[in-house]
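In: sequence below, structure please.
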Amino acid sequence: MGKKSFRRMMARRTINVVITILGIMTLNFFLIHLMPGEPILNMVPKDPKFDESLKWELVDKFHLNESVAEQYFIYMYNAVTLDWGTSYMANARPVLDIIINDMRWTLLLVGASTVFTIFIGMGIGAYAAFRRGRPFDLMSSAVSLFFYGMPVFWCAIILQLLFTSQPLGLSWWPQFPLSGYFDTDTHGSEFKWTLPILLSVAEYLVLPSITLALATVAGISLVMRSSLVDVMTEDYIVTARAKGCSDIQVLRRHALPNGLPPMVALIAMDIAFIIGGAYQVEVIFSYPGIGYRTIQAIYSLDFPILQFIIVIGGVAVVFANFIGDIVLLYIDPRIKIS
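Out: Take a look at the predicted model:
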């Protein structure tokens, strides 16, 4: 890969990323403003004695008296300058402060489930490919197909039923918290970096992260198995085995390097699924992340919060695919720069 060709490719991909993000921001603004209802009605107290002048102060503050076109240009300017304004609700706190506070819990959930997904999913898929047609392969494929077709919310409900009680009166059966992000009854409502609170966070993270990981693990294991099964029939694999290479050597030196490109593309595309799944998981488990905040913002027509959250999700998916394309160029020499 020449440096000049790589720079041209990076310039084209960067321009595509910028255009895509601008498109996401534009659609984000207009689709949210097409939602029925008036946000101002949720901001003012439902009291007949309420001073109407305060209502119009709120209208001026949030530019709700401007035309849609003017609101759009104000929105784009504020987005470029990283001024996302204040929430309509949430005590008029700055949007950026709210999102940063919520995002740390979503990143923890997504990070834990992604690590689990990649290593467990690829491990199951690779082992199933080497045991093709044997009981482990048949069983893992059937279980993966079952979880791959199961909706995230349904998986969450099943895990809640299984691990928040003791089925059949089994006293040794493990139980995990049903909702929240750490034990506020024991440790107080304020999060602190202490070992007891961190252990409590890990305990509360178990069910949400497993729920989010199950469907993605299933997809990755199935694709990994399919990719390696195709690779294992190639002549260079037969030659390596004829030279006396062990199964581990064949897998590490020959099979995995040629079976990874489809996995990189799948993981990049799965970012969108993981983000969408995280929103569902947070709502079901009352986990205080971006997804839980999104539902609250929808009910209260909190446009600044919704706009920022949707843009963050879109940008994350765009950059995940951008990074995936770059990684593919390095691990697969068969891909040509175009």
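In: so, low pLDDT: which residues of the stretch 101-250 of the chain?
Out: 166-170 (pLDDT under 70).
In: residue ranges for the helices of it, please.
Out: 135-148, 152-163, 184-187, 195-232, 235-242, 247-249 (DSSP state H, counting those that start in this stretch).
In: tell me the buried residues in stretch 311-323?
Out: Burial within stretch 311-323, assessed by neighbour count using 16 or more other CB atoms under 10 Å, is assigned to 311, 313-314, 317-318, 320-322. Quick note: C-beta positions are derived from backbone N, CA and C, even for glycine.
In: who's in contact with that stretch?
Out: 13, 17, 20-21, 24-25, 28, 79, 99, 103, 268-269, 271-272, 275, 290 (CB atoms under 8 Å, 6 or more residues apart in numbering).
In: by neighbours, which of those residues wins?
Out: Using other CB atoms under 10 Å as the neighbour criterion, Ile290 leads those with 27 neighbours.
In: ok, that one to Ile284 distance?
Out: 15 Å (CB to CB, to the nearest Å).
In: equivalent analysis for Ala126, please.
Out: For Ala126, the distance to Ile284 - CB to CB - is 32 Å.
In: Ile271 too?
Out: 21 Å.
In: what of Ile237?
Out: Taken as CB to CB, the span from Ile237 to Ile284 is 44 Å.
In: which one's more surrounded, these two?
Out: More crowded of Ile237 and Ile284, by other CB under 10 Å: Ile284, with 23 against 18.
In: got phi/psi on the more buried one?
Out: The phi/psi pair for Ile284 (degrees, to the nearest 10) reads phi -70, psi -40.
In: point to the residue nearest the middle of this structure.
Out: Ile275 (2.3 Å; CA atoms, centre = their mean).
In: element containing the nearest residue to it once chain neighbours are set aside?
Out: Spatial nearest neighbour of Ile275, excluding adjacent residues (CB to CB, 6 or more residues apart in numbering): Gly313 at 5.3 Å. Assigned by DSSP states H and E, Gly313 belongs to helix 303-331.
In: hang on, the earlier thing: between the helices of the stretch 101-250 of the chain, which gets nearest to Thr86?
Out: Evaluated over these, closeness to Thr86 peaks at helix 184-187, with 26.6 Å, by CB to CB.
In: who does that closest one touch, helix- and strand-wise?
Out: With contacts taken as 3 or more CB pairs under 8 Å, 6 or more residues apart in numbering; DSSP states H and E, helix 184-187 sits against helix 195-232.
In: switch the cut-off to 6 Å
Out: Here helix 184-187 touches no other helix or strand, going by 3 or more CB pairs under 6 Å, 6 or more residues apart in numbering; DSSP states H and E.
In: who's in contact with that helix?
Out: Residues from elsewhere that reach helix 184-187, judged by CB atoms under 6 Å, 6 or more residues apart in numbering: Ile197.
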